[in-house]
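In: A predicted structure for the sequence below; I have some questions about it.
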Amino acid sequence: MSTATTAHGRSQHSPGDDVLVEVTGVKVHFPIKRGVVFDKTVGYVYAVDGVDLQIKRGETYGLVGESGCGKSTFGRALLRLEDLTEGTVIFDGVDVASLQGEELRRKRKDMQMVFQDPLSSLDPRQTVEALLLEGMNAHGLAKDKAAANKRLRELLSAVGLPAAALKKYPHEFSGGQRQRIGIARALSVDPKLIVADEPVSALDVSVQAQVINLLEDLQEEFGLTYLVVAHDLAVVRHISDRIGVMYLGSLVEESDADDLYAHPLHPYTRALMSAVPVPDPVVEDNRERIILVGDLPSPANPPSGCRFHTRCPWKQESKCDTDRPELRIVQIDGVPQGHRVACHYAEQIASGELQPHEVKAVATDQTGDSSDEAGSMFEPEKL
Amino acid sequence: ESKREEGGKGSESGGQSNATMTFAAAGAPKTFDPFYATDGETFRVARQIFDGLVNFKPGTADLAPGLATSWIPSKDGKTWTFKLRTGVKFTDGTPFNAEAVCKNFERMDKQNEAGQTAAVYWSDNMGGFNKSKDDLYQGCTPKGTDSVELKLSRATSKFPSLLGLPAWSMQSPTALDKYKANDVKAQGDGITQSEYAAKYPTGTGPFKFEKYDVQNKTITLVRNDDFYGDKAKVGKLVFKIIPDGTSRKQALLAGDVDGYDLPNPVDWDSLKKAGMNLEIRPAFNILYLGLNPTKNPALKDLKVRQALYHAINREQLVKNQLPEGATAATQWYPKTVDGYSDSVMKYDYNPEKAKQLLKEAGQSSLSIDLWYPSEVTRPYMPDPQKIFQAIKGDWEKAGIKVNAVTKPWNGGYTDGTANGASPAFLIGWTGDYNTPDNFIANFFMGKQMGISAYPWGAQLKKEITDADSIVNADQRTAAYKKLSEKLMKEYVPGLPISNSPPAIVFGKNISGIVASPLTSEDFATAVKK
Amino acid sequence: MVLNSNSKKARIDELAERAAVQDGLDGGGIKDGEGVSLIASAWARLRRNPMFIVGAIMVALIFLVALLADVLAPHDPTVRYLADKVSRANNPVPGAEPGYPLGADDLGRDLLSRLIHGSRNTLIIAFGATGLAFFGGLVLGTLAGAFGGWIDSVVMRVVDIMLSLPSLLLAFSIAALFGRGSQTTVIVAIGIAMMPTFARLLRGSMMAQRSSDHVLAARSLGVKKSAIVFRHMLPNSLSPVLVQATMVFATSIIDAAALSFLGAGNPDDTKPEWGQMLGLAQEYFDTFPHMAVYPALCIIAAALGFTLMGESLREALDPKSRR
Amino acid sequence: MTITADANPDRPAASADILLQVRDLTVDFGTKGSKPFRAVDHVSFDVRPGQTVGLVGESGCGKSVTSMAIMGLLPKRGNKVSGTVQFEGTDLLSLSDNQMRERRGRDVAMIFQDPLSSLNPVVPLGIQVTEVIERHRGLSRKQAMPEAKELLDKVGIPDPNRRLKEYPHQLSGGMRQRALIAMALACKPRLLIADEPTTALDVTIQAQILTLLSELVRDSGTALVMITHDLGVVAGLCDEVNVLYGGRIVERAARHDLFAQPRHPYTYGLLESIPRLDAARGRLNPVPGSVADNLPWTSACAFAPRCSQPIARCTEQTPELEQIEPGLDGDRLLRCFNPIEGKDRR
Amino acid sequence: MLRYIARRVVQMIGVMFALSLLIFVWLRMLPGGTVSAMLGERATPERAAQLRKTLGLDQPLPVQYWKFLTNALQGKFGVSSQVQAGSDAMDVFLTRLPATMELAGLAIVIALITAIPLGYLAAKRRGGIFDALGIGVSLVGVAVPVFFLAVVLKQFFAVEWHLLPVSGRQSPELEATRVTGFFIFDGLMTREFDAAWDAFKHLILPAIALATIPFAVIFRITRAAVLDVLDEDFIRTAEAKGLKPSTIRTRHVMRNAMLPVVTTVGLQVGGLLTGAVLTETVFSIPGLGDAMKVGFQERDFSVVQVLIIMAALTYVLVNLLVDIAYAYIDPRVRIR
Ligand SMILES: Nc1ncnc2c1ncn2[C@@H]1O[C@H](COP(=O)(O)OP(=O)(O)OP(=O)(O)O)[C@@H](O)[C@H]1O
Ligand SMILES: Nc1ncnc2c1ncn2[C@@H]1O[C@H](COP(=O)(O)OP(=O)(O)OP(=O)(O)O)[C@@H](O)[C@H]1O
Ligand SMILES: [Mg+2]
Ligand SMILES: [Mg+2]
Ligand code: NI
C-alpha cells in the first residue's frame, strides 16, 4: 500500500479542526416494563447516560470500555438506529436526533456502520453483489448497470477481494473476508462517517491486523471519519487519534491516544491500562497491576455519585458516592490541553497525594444481563 | 369395604332368575318422565317401568288391556269409560285407582309454558292444554274406585290407541307431587326437567328404576316383585349406552352386552351367522319422497308427479340399500295399519313411461332440487346419502336433472323441510300406534308438502279429518281405504318409497322377547340362560 | 416478562428463532463461479438424506397417480357398475371380480378407481388447506412481525385465542358453521384451523430477524422499510414456515379424514377422497375391513411421505444440524 | 522462573520429575464417511510439577482438541486418537472410561473458556461444587458443603454461603469463572488444564482471574497447562510456550526466549500483528491470509503459503521439530527450514 | 412469580370473555339448532316458533348474550338440550371431566414413560437401534389417523382376542361405588379393587391410541433436547469432573433436557382433547370429547359453549402450570 512505508499509519492525514460530529448530553434509556394488566415502566436500563463528545473530520475516535458499558448503544444512537432519550447529535451541521422518516433515511447515506459479527450482519440469502448494490439503490447511486458494475469492482478491490466474490454468498467466505464485505457495504454509499462496532473482536490476531490495516488505508483513501468502538485498549490505542473511556453509560476520560497511555488520570483508566496484557515478558514481569475488585454494576441500577466509586481504589469519603463528577479539563503538568477526565480527585491522584487503598468487593447481582432475557424483557426496537 | 350386593346369585324360582340382562342403547334417555319425551331411548326404558291404561298385543300394533281391563266409548265417541284393574300398586306403594288415573290426566293437561313445549306427544295428539278449545282432553271423572270416565272434545280414531303410548303412562301421583314432576323450566338453550324425571320415575311396570349412572352411562332397573302380571324373568335390567354402532355390535359379539336395538342392516347377516338372535320387526314405518309444488311449480301437474314415481326403481333401491324384509311402499302407510288398501294404483318402474308422461306435461327437461339429510340414520332410511344416490341415478335415466341439496338433519334439514323450503326431499315416519291418521295427518296437514297449492288441497285436509272422526271402526277403516286409493291415484302429493323392517338383536343366551312393530318390546319376558 | 409467556407460543417462537439464526460453513479461498446459496447447500444435504429420498418418492408417486388418475383408473369412479350386485341385506359390498380387482363400494362403484381418483381430491384438500393456512398465516405473521406495536398485539391476541382451541375442534366447528359440508368447507375449515400456527411461527422468526444485525445493517444503509421486510426479513423467516407447511400437508390429510369420521366432512362422494372413503367405511370396519384399510393405507402413505419430507427438510434447514 | 533447563522431548519416558508426558498425540476426525481431518498432529510436550506450560495459536490450530484428548473428553465416535499421554507413569489413553473418570477431576482438572455455558444452569452452585468432592473424596454432601464454602472463599467469591445456594445466572462472568476454578481445584489435582479461561471476560476481570490462577498454582504446586490465543497472557504467566499451527507445534521456547527472539516466521508474524498498548508502533505487519488456507503437513510446511520468507524446500518437504541452539533460558525447538535470524525484539 | 401468575390470570379472563362472545355469536350463526334437534320429524313451523319463544331464542343476539353472560357469572351456563338433557351445561362438563382426565392422563403417562427414556437412548446412541425404533414409531404415530388406529386396536385386542373390553368405562355388573368419578381412583379408595382393575382395563386401548401423537412429539423433543444438551459445555465440565455417568444423566442431562419437554407436554393438551373426541367416539367413553361431538351434531349449544371455553381454559391453565413447573426446574426464569 502507498502508505505502508511510513513509520506510522495513523494521522498523516492530519485531521482538520472542523468538527463532523458533535454529541451533547446523549442519553439512551431502555424502559423496563412490567405490569399485571398493562405494561408499566418500572425503571430504566441506563445504557447511555449523558455523553458529550466531538469527532473531527478525518479523525478516528476510539471508544473503549468493559462489556455492557453502553458503547454499542452509543454507536447506534449516533447513527439514529436507536432513539435518543435525550441529547443532540449534530452531524455535519444537521441535528440527526430530530430527523424523521425519509429525511433520516437519506441522511443515512453519510453515516455507516461496520458490525462486530461479520456473518450475522450479512443477509445469508443474498449474494455479495446484491448486498453491495442494496445501499446504492436505496440512495440512487447505481444509476446504470455499467456504472454500478464498475463501482462494485472498485469497492471490492478497495477492500482487497477478488471480483469473483460478487456471485458468492456470505457463508462461503472466511471471517476476515466477511468483515471486508461488511466494510465494502459500508463504503458503498460513500459515507462520511463510519461507526465500527468492535470491527475486529471476532477475528483472529493475524486477520485482525489485516482488517486494522485495511481500515487505516481506507481512511487515507476516502478521507473517512471513524468512530471505533472496542473493548481492546491496545487496538483502540493503535488506530485512534482520540480515545474516550466509557464506564457505565458515560465517559470517564477523554484524550489523545498517546496522551492517554502516558497520563491516564482516571482511576478506572489506570486500572484498565494495567490490566491489558502485553506480549512481552519483561514488561509483564515488572508491571505494577491495579487489580479491580468486583464487577461492573448493573446499568439498570447504577451507583450514585461517581459511577466508579464502588470499585475505585482511590475512593474518598466525601463526594465520590454523592456527587457525580463532570467530564472536565484538568490542569496538570505534562498533560496536554484537551485531556478531559471525570474524577473529583484527578489532580491529587496524579500528584501522588492520594494513594490507592484496599477495596472490599461487593457482590453484584447479575439479573437481566444475559442477552436472551434482555430480549424477552424489552420490546425489540422499532424499525 | 363396599356395600355392593353381589349380582348373579340368589334363588331361581318360577323361571325367574336374578340374572342381569344388559342391553346396549344407542343414546341416553333425555328424561325418565315419558310424558315429556320424544325419543325412543326414553320410551324403551319407560316401557319397562310404566304401564298405560291400554296396551298392545305382543308382536302387533293391536290393542290389548293394560291397566284398564276394558273400555267403551259413548255413541258420539266423546266420552270413554275405562274399567280399571284392581289391586295394583305403584312401586312406591301408592294404590292405583280411579283417583290416580284422573290425577295423571289432570297433571298431563295442566302444563306451564315450558311444559307445553316439552310435552310434544300430548300437544301433537291432543292439540292443546288446560282444557282449552283445541284440547282433545276435556276432563276425567272417577266412577267409583275402579272406573273412570274421560271426556273428549271430539271423536277421533286415535282414541284409545293413543293411551298405549309411553307418554300416557300412569305414574305415581304421590311421586309426581313430591318431586314436582310438572316443574319444567326453559333455561337458555334447553329445558330443565324436574327432580322426578331425573331420579324418581315411579310406575307399575315389571321393573323399578334403580339408578342412572351418568358417568358410566348405565341405567339400572330391578325387578318389581309386586308387579301385577307375570314377574320379570331377569332380576336386573341394565341399559348400557354405547353411541357407536360398531361398538354395540362388537360388545354383543364379545358378550359385554346381551342385545341392542337397530343393528345396521349390513351387519344382519354376520350377526345371524354368529348365532345371535336377530329379530326382524314388522315394518311399521315409511320412507317417502316429499314434493312441494310451491317451490317447483312443475310439480303441480299430476303427470309430472306420476312420471317421477314411475322413474324410481324402488324394487332395486329396496334390494340395494334397504335391509332384508324391506318392501317397496305402495301407499302412505304400512300393511299392518287398518285402512291399508290392496287395490291402490301401482306405479311400476318404467323410465319410458316417465319420459312419456313428462313429455305430455311439457316438462321434458325437468330439473329439480332433491334434498337429503346428512348426519343421521333413521330406521326407515339407514343411509340417506345412498338412497339419494339411487334415486338421483334413476331420475337421471329418465332425463330429469337432479340438483343435490344436503343439510345436516339438525342443521337445517328438518327446519327447512318443515317450513316447506324444499321442492323434493327424503323423509319418513315411524308409526306411534295403529291408525292411518298417525301417518297421513302428520304428512299432509303441515306446510311440508305445500298441499294447499293443489286444487284438491283443502279437500284432502277435510277428508283426513272426517275419516278420523268416524266412530265406528269398520266404517272408519273403509273410509281410510278409499282415501288411500285416492291419494295414490288422484292426488299423488308425494311418493311413498319403502317400508323397512327395523331389527333388534340379542345374544345367544337371551330368549323370550317378542319383537314389536312399535319398537316397544317388553323386556320382562326375557330369559337369560 | 421474564417467564416464557404462553408456552405454545414460546415454543413456536423458539423454533422460529432457532431456524432463523443462520450460521455458516467456513469458506476457504474464493473460487470463481456462481456462489452456492443456503438453499442450494441445504438441497445438497437433502439429496443425500435417505429419509428425504423415501419421503420424496412416496409423495412423487402420489402426485403422479393424482395427475394420471384419468389414465390409470380402470373405470369412472362415480358410475355404479356393480349396482346390481349390491344388496344391503346380504351383499352390501361386492367383492373382487374380473375388471374390478378390489371390488366395489356399497353403491357398486369400482373401489380401485375411487382410490386412484381419491389421490387427486386428497391432494386438492391438502394443498388447498395448507395453501390457505400458509397464505393466511403469511399475511397475519408479516403484518404482526413487520409492524409490531398495536397491530402485532391485535393480530397476536386473535391468534392466541385460536391457538388455545384444539385445532381439529376448531376445524370441526368451522365445518359445522357452513352447515353443509363440501370440499371447500373442508379446505377452509382445516386451513383456518392451521393458520394461527403459521402466523405465530412467521411472526416469531420475523421478530428474531428484526433485531438481527443484518436487518440493522440494512436499516443503517437507508434501505426502505418495505424492502427490508420483503427482501431481508421475510425470506429469512420462511424456512420454519416451509417446514411447517410440509408437516401441515400430512396433518391436513389426516384431519380431513377425522372430519369425515366425525361426520363433518364432505358428504358428496362423487369426488372421492381418501379421508371421506375412510369415514364412510366406518360401518364396515369389522365386516368388510378392506373398505377402510385401503384408504387408510393410502392416507398413511401420504402422511408418512410428507412427514418424512418435512422432517428431513427441518433437519436440512436447521443450522444446528449442520455440524 | 524455569524449573529445568532440559526440555528435550526425547528424554527417557516417565522420569520422576515429569508429571505429564505427551508423545506424538494425534487426533483424526471424520474417520468414516466425511473427509478425514487431522486436527492434532504428533504433538509432544512435557509438564513438570508446578510448571506452567502454554499452548498458543490461532483459532482452529488444535489447542482445544489437544486438551480434550489429554482429558479423554473427545466424543467416543467420529475421531481417532493415537500417541501416548503419560500421567505420572500411566498412559491415560489406555485407561478405560471408568478408570479415566476416577482420575478426571481428582488428578487432572480442567477449566473452560465460556464460564456461563460451562456451568449447569439449573443446578445450584453448591451442588456443582460439592458433587466433585463427593465423587472423588467420598464425602457426603453435608460434609462437602463447608469445604465448598472454603473453596469459594479461596477463589475470592464474596459471601460464599449465599452463593452456594444460587444459580450460575445469578453470578457475574468473573464470579462464574472463579466458581469453575474452585471446582477444578476442589480435589487438589496435580495438573490443571485451562482452555482459554479468560477469553470471554473483560480485561479487568481477566486480570483478576489470571492473578488468581497464578497465585493458586504457586501456592498449591499444581502444574498448569495454559491454552490461549493471547500472547500477552502467555507472556505474563507461562514458563514454557508451545506455538501451534495447523495441529503441530512449530516452535517451543522458554517465554523470555520466545518473545525476545521468535525464530519461526509464524511466531514472529503473530507478534508483529498485535497492536501494543505500551508503544505507539508502526503499521501492523500481519501474517497474510488466514488459517483456512493451510496445506496439509504431509508434503510441505503448512505455513508456507502465508510465510514471509518461504524457500523452495518449504513446499517440497515437511520440516521436523528440531532442537536448535539453546536460548537464554534453555533449550528450544523449531520446525522451520528458514527461520528468522537475528531479530531481537528487545 | 406471583405477579406473573396474576398477570396470566388477568389475561386468561380476558381471553375467556372474548372467547365466550365469539363462540356465542358463532354458534348462533350455525344453521339449524337446538329447536330442530329437539323436534326432529315432529317439527312444524308453529311448534318450532313456540319452542324458540319459550327458550328465549327469538330475542336479539345481544340480549341473549347478555342473559347468557349474567347467568354465567352466577354459575349458570344454560341447560343441555341433548347431551345430557336438562342438566346444567357446567354439570355436564364436570360429570364428564373425570372420564377424559383419566383417559388423557393415562395416555400422557404412557407417552411420557415410553418417549422420554426412548428419546434419551435415541440421542445417546444416535443412529443406533433405539434411534431407528423411536423415529419409526413416532413417524407412524403421526401418520396413522388416531381413530383408525383405535379401531384396529379394538378389533384385535377386544373383539378377536378378547383380551380387553370393547367399550365403555367400566362393566356395569360391578356396581362400583362412585365417589369422585375417577373410576380407578374411586375403586382404590373404596377398596373395590376389582372395579379399579376393570376401569383400568377399559382405559388401556383408548389410552394407547391417544398416546401415539404425544409419544411422537415428546420423543422427538426429548431426542432433540438431549442431543442439544449433550453438546453443551457444562456436560463437558461434568465429564471433566469425572462424575459418574448416572449423575451426569440425571442431574446434568435430563434436568436440562426436561425444559423443552415440559413445555411440550403442556402443548399436548389441545392435541389430547382432539384425540379424545376421536377415541371416545370409537370406544364409547362418556367423556368430554364425546360430549363435544354429540353437542355439535345435535346443536346442544349450551354444552358446546361451556366445553369450548373450558377446553381453552384448561389449555391456558395447564400451560400456566407448565410455566410454573418450568420455573421450578429452570431457575433462570424464576426471577420475580
Ligand atoms: N434494546 C435494548 N433494550 C434494553 N437494554 C439494552 C438494549 N440494548 C442494550 N441494552 C443494555 O444496555 C447496556 C449497554 O449495552 P451495549 O450493548 O451498548 O454495551 P456494550 O458496551 O456495547 O457491551 P459489549 O462490549 O458487550 O458489546 C447493557 O446492559 C445492555 O444489556
Ligand atoms: N468434533 C469435531 N469434529 C470435526 N472437527 C473438529 C471437531 N472438533 C474440532 N474440530 C476441528 O479441529 C480443529 C481444531 O479445533 P480446536 O477446537 O482444537 O481449535 P482451537 O485451537 O481450540 O481453536 P479456538 O481458538 O477457536 O478454540 C478445527 O479445525 C476444528 O474445526
Ligand atoms: Mg457492544
Ligand atoms: Mg478452543
Ligand atoms: Ni497504525
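Out: Nice, thanks for sending it over. Predicted model only: the values in this text are computed from it and were never measured. Ligands and ions are numbered 1, 2, ... in the order given.

In: any idea which helix is longest in chain C?
Out: Using DSSP state H to define each element, chain C has its longest helix at helix C:111-147.

In: next, the buried residues of it.
Out: Buried residues in helix C:111-147, counted by 16 or more other C-beta atoms under 10 Å in any protein chain shown: C:111-126, C:128-134, C:136-138, C:140-146. Just so you know, the C-beta spots here come from the backbone N, C-alpha and C atoms, and that holds for glycine as well.

In: near A:Gln316, how many other residues are there?
Out: 15 (other C-beta atoms under 10 Å in any protein chain shown).

In: leaving out chain neighbours, which residue sits closest to it?
Out: Spatially, and ignoring its direct neighbours in sequence, A:Gln316 is nearest to A:Tyr345 (6.1 Å; C-beta to C-beta, 6 or more residues apart in numbering or on different chains).

In: and if you look at B:Phe96?
Out: B:Val88 (4.0 Å).

In: and residue 117, what element?
Out: In the absence of a named chain, this looks at chain A. Counting by DSSP states H and E, there is no helix or strand that carries A:Asp117.

In: let's do chain E instead
Out: Going by DSSP H and E, E:Pro117 is in helix E:89-124.

In: avg pLDDT for that helix?
Out: The average pLDDT within helix E:89-124 is 91.

In: stretch B:358-368: how far from the chain's middle?
Out: Centroid displacement of stretch B:358-368 relative to its chain, using C-alpha atoms, centre = their mean, to the nearest Å, is 37 Å.

In: if we can go back for a sec, hmm, B:Leu67 and the residue nearest to B:Phe96 touching each other?
Out: Yes. Counting by C-beta atoms under 8 Å, B:Leu67 is a contact partner of B:Val88 at 6.6 Å.

In: in the stretch 1-150 of chain A, which spans are strands?
Out: Secondary structure of the stretch 1-150 of chain A, counting by DSSP state E, counting those that start in this stretch: strands at A:19-34, A:40-56, A:60-64, A:86-91, A:94-95, A:111-114.

In: pull out the buried residues from the second one.
Out: Along strand A:40-56, the positions that meet the burial threshold by neighbour count (16+ other C-beta under 10 Å) are A:44-53, A:55-56.

In: before we move on, the earlier item: and the helix holding E:Pro117, what's buried?
Out: E:89-93, E:95-108, E:110-112, E:114-116, E:118-124.

In: and for stretch B:168-180?
Out: B:168-176, B:179.

In: what does it contact?
Out: B:33-35, B:46, B:50-53, B:67, B:90-92, B:94, B:96, B:99-101, B:103-104, B:107-108, B:121, B:162, B:181-182, B:194-196, B:199-204 (C-beta atoms under 8 Å, 6 or more residues apart in numbering or on different chains).

In: of those, buried ones?
Out: B:33-35, B:46, B:50-53, B:67, B:90-91, B:94, B:96, B:100-101, B:103-104, B:107-108, B:121, B:162, B:181-182, B:194, B:196, B:200-204.

In: ok and the longest helix seen in chain D relative to strand A:60-64, angle-wise?
Out: Longest helix in chain D by number of residues (criterion: DSSP H): helix D:203-220. In terms of direction (axes from the mean of the first three to the mean of the last three C-alpha atoms, to 10 degrees), helix D:203-220 departs from strand A:60-64 by 50 degrees.

In: show me which residues of helix D:203-220 are buried.
Out: D:203-214, D:216-217.

In: do that helix and chain A come into contact?
Out: Yes. Against chain A, helix D:203-220 shows contacts by C-beta under 8 Å from any C-beta of the partner chain at D:203-208, D:210-211.

In: just those that are near ligand 2?
Out: Checked against ligand 2 using C-beta under 6 Å from any ligand atom, the residues of helix D:203-220 next to chain A yield no neighbours at all.

In: next one: phi and psi at the residue in the stretch 201-336 of chain E that chain D sits nearest to?
Out: At 3.5 Å from chain D, E:Gly242 is the closest residue in the stretch 201-336 of chain E, using C-beta to the nearest C-beta. Backbone torsions of E:Gly242, given as degrees, to the nearest 10, read phi 70, psi 30.

In: same check on E:Leu267?
Out: Phi and psi for E:Leu267, reported as degrees, to the nearest 10, are phi -70, psi -20.

In: among the buried ones among the contacts of stretch B:168-180, name the ones in helices.
Out: Reading helices off these with DSSP H, I get B:46, B:100-101, B:103-104, B:107-108, B:121, B:196.

In: for those residues, which one is nearest E:Gln11?
Out: Distance to E:Gln11, by C-beta to C-beta, is smallest for B:Tyr196 among these, at 44.6 Å.

In: that closest one and B:Phe209 touch, don't they?
Out: No. With contact defined as C-beta under 8 Å, B:Tyr196 does not count as touching B:Phe209 (10.7 Å).

In: quick one: least confident helix or strand in the chain?
Out: As the question left the chain open, I've gone with chain A. helix A:371-377 (a mean of 30; mean pLDDT, DSSP states H and E).

In: wait, I meant chain D there
Out: Going by mean pLDDT, DSSP H and E, chain D bottoms out at strand D:322-324, a mean of 83.

In: how far off centre is the next helix or strand after it?
Out: Next helix or strand after strand D:322-324 toward the C-terminus (DSSP H and E): strand D:332-334. For strand D:332-334, the gap between its own C-alpha mean and the chain's C-alpha mean amounts to 18 Å (C-alpha atoms, centre = their mean).

In: mind listing the strands for the stretch 151-300 of chain A?
Out: Under DSSP E, counting those that start in this stretch, the stretch 151-300 of chain A gives strands at A:193-197, A:225-230, A:242-247, A:250-256.

In: buried set for stretch E:282-291?
Out: E:282-291.

In: does it reach chain B?
Out: Yes. Applying C-beta under 8 Å from any C-beta, one finds stretch E:282-291 touching chain B at E:282-284, E:286, E:290.

In: from chain C, how far out is the most centrally placed residue in chain B?
Out: Per C-alpha atoms, centre = their mean, the C-alpha nearest to the average position across chain B is that of B:Asp432, at 3.8 Å. B:Asp432 sits 26 Å away from chain C when distances are taken as C-beta to the nearest C-beta, to the nearest Å.
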